Every structure is written in C-alpha cells, then in structure tokens.
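A.B. asks: One predicted model, sequence on top.
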Amino acid sequence: MENTETIGNLLRRERENRNLSLQDVQDATKITVHNLSALEEDRFDYFPNRVYTRAFLRDYANYLGLDSAGLLERYQQTCAANPIVAAPVRRKSRLRAVFGVALTIVILGAVAGAVYVYYTGYGIGVNAMKPAPRSTVAGDASGTATLPRVPVVPPPSTPTTPSPPVVPPKLVKPDVMTLQVAATHVVWVRVTADGKSQDLTMKPGEVRTWQAKKIIRIRAGKAGGVQLKWNGVTQPLLGPLGVPGNGEFLYEKSPVPPAPESNPPH
C-alpha cells in the first residue's frame, strides 16, 4: 500500500514517539518553534523561499533520525505538483492617469489665480513691498539725525573640555579553559581533561561542561552528533554524523571568552 502520510505528519509522529517537545527540538537544532510548526503542518509556503524549506527539513529529519534524502525528494515532488504562480500585475488605468494630470493643472491654476487677486485686488504692488524709510530725529546741523545703531555683542564662548578617549576593556584569559559539549543525537563520548577520562552516553539536547588547565581531548562515536564551544566560542563539527570523531584543545591556544555586553537588550 502506498504511504499517504504527509511529511508534516511523519515529522510530528516521530517527535512525539521520542517524547520531545517543539522547544526541545529548537534548543537542539536552533530551528525556531514557528518554523518547526510550519513543517509539521505542511505549510511550506510559510518560508521565504525553497532553500530555507529544504535546509530546515533536512536538519529536522536528521535530528529525528529519519531519511532526510527521501523526505527532500518527497518535498521536491510536492513542489512540482504545486508550482508557484506569479500574481498578475495590474496596469494603471489610462483614465486615472489623465484624471491625475487634469487635477494637477486645476490646482496650479487656482493657486495662480489666488496670487493674482491678492496682489491686484488689495493694492499690494511692488512699491508696497519696498522697505520703510529710516526714522530720523531733529537736532543736528542738517536738521535730521539718524538713530544710533546698537552694536551686537556676541555672548562669551564657553571653552569645551574634550571627552576622554574610550578605552575598550582588556580581555583576560581565565586560569582554566572550558569545553562545552551539546548533543544533537544519541551519542557516546569520552572526554579526558588533564588526564582524567569520563565515558558517557548523551541524549539529544543534553549539555555537559569540562574544565582543564592544560589539555582536553574528546572522542565522539558520531562526529556530527555533538556541538562544541571552547571558552564560549563555537567550534567546527568533529566530522560527519556517521563516523567517529576526535578533538584536542590546548590551553596555550585557547581563545579569550567574549566580554559580556555592557548594555544588554531589554
């Protein structure tokens, strides 16, 4: 019998079988809950383009242990059966364009007429716009004297003190280095910190932290099943998901942890 279960139903069923919530999947894959819900509801038109859809679908399927290549092929078939049809572009009506030009001409004519009536009907001409003669007072030899002009004294300038240069805080490397291991799949890991080894099996979403003063080594049964942060800096994957992977971190080469934000967003 042909499998009629949709892609979204398959994803949701597999997630519920693993007793995972959408928030658990978001924490492990960094795909938001809204995008995960759109995938499980087969709302592929929610995404801006098919590149995003394929990337999210592949990562979600790999996290659940499903055949991501098969799901991507089914998604491609769905896209072929439902091609995107561009919406028709409406052309501006010629009548509307003519009406707009006519309305502009009428408004300009009304403004010009108002200006003409104002300057001719109320006697406001060129002579009326000339400046008034200066006031004079009697008392000097010629019989008239102009009023003295009061000098304009600018206010005293206030000296400005230059601001001290902004010196960024100096980042200091801590006495120990920190390695954070976050599992995205069920994976076996062995971590050796300064000669002390620990073997354990981590579940998806589980996060562990180790510290050392000299060296940290890690071996993972699934190289692509863990995400590493060294002193808070994200590191590349140890390798593909299907093969073991090894990593080694030395204190001499450890990065300085990023400084905390002085004004965190509210």
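C.D. replies: Ah, there it is.

A.B. asks: From here on, just use CA atoms for contacts and neighbour counts.
C.D. replies: Will do.

A.B. asks: so where's the stretch 151-266 of the chain uncertain?
C.D. replies: The stretch 151-266 of the chain contains residues with pLDDT under 70 at 151-159, 162, 167-171, 259-266.

A.B. asks: Please enumerate the strands of it.
C.D. replies: 177-183, 187-193, 196-202, 207-212, 215-220, 226-230, 233-234, 245-250 (DSSP state E, counting those that start in this stretch).

A.B. asks: Equivalent analysis for the stretch 1-150 of the chain, please.
C.D. replies: Under the criterion DSSP E, counting those that start in this stretch, the stretch 1-150 of the chain contains strands at 136-137, 145-146.

A.B. asks: With mean neighbour count added, can I get the strands of the stretch 151-266 of the chain in CSV?
C.D. replies: Listed next are the strands of the stretch 151-266 of the chain as CSV, based on neighbours: other C-alpha atoms under 10 Å:
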stretch, mean neighbour count
strand 177-183, 22
strand 187-193, 20
strand 196-202, 13
strand 207-212, 15
strand 215-220, 20
strand 226-230, 21
strand 233-234, 14
strand 245-250, 16
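
A.B. asks: Mark out where each domain of this protein begins and ends.
C.D. replies: For the chain, automatic domain parsing gives the domain ranges 7-81, 177-253.

A.B. asks: Any chance of CSV for those domains, columns distance to I107?
C.D. replies: Below are the domains of the chain laid out as CSV (distance: least, C-alpha to C-alpha, whole Å):
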stretch, distance to I107
domain 7-81, 44
domain 177-253, 64
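
A.B. asks: To A112, which of these lies closest?
C.D. replies: Nearest of these to A112, taken as C-alpha to C-alpha: domain 7-81 at 51.3 Å.
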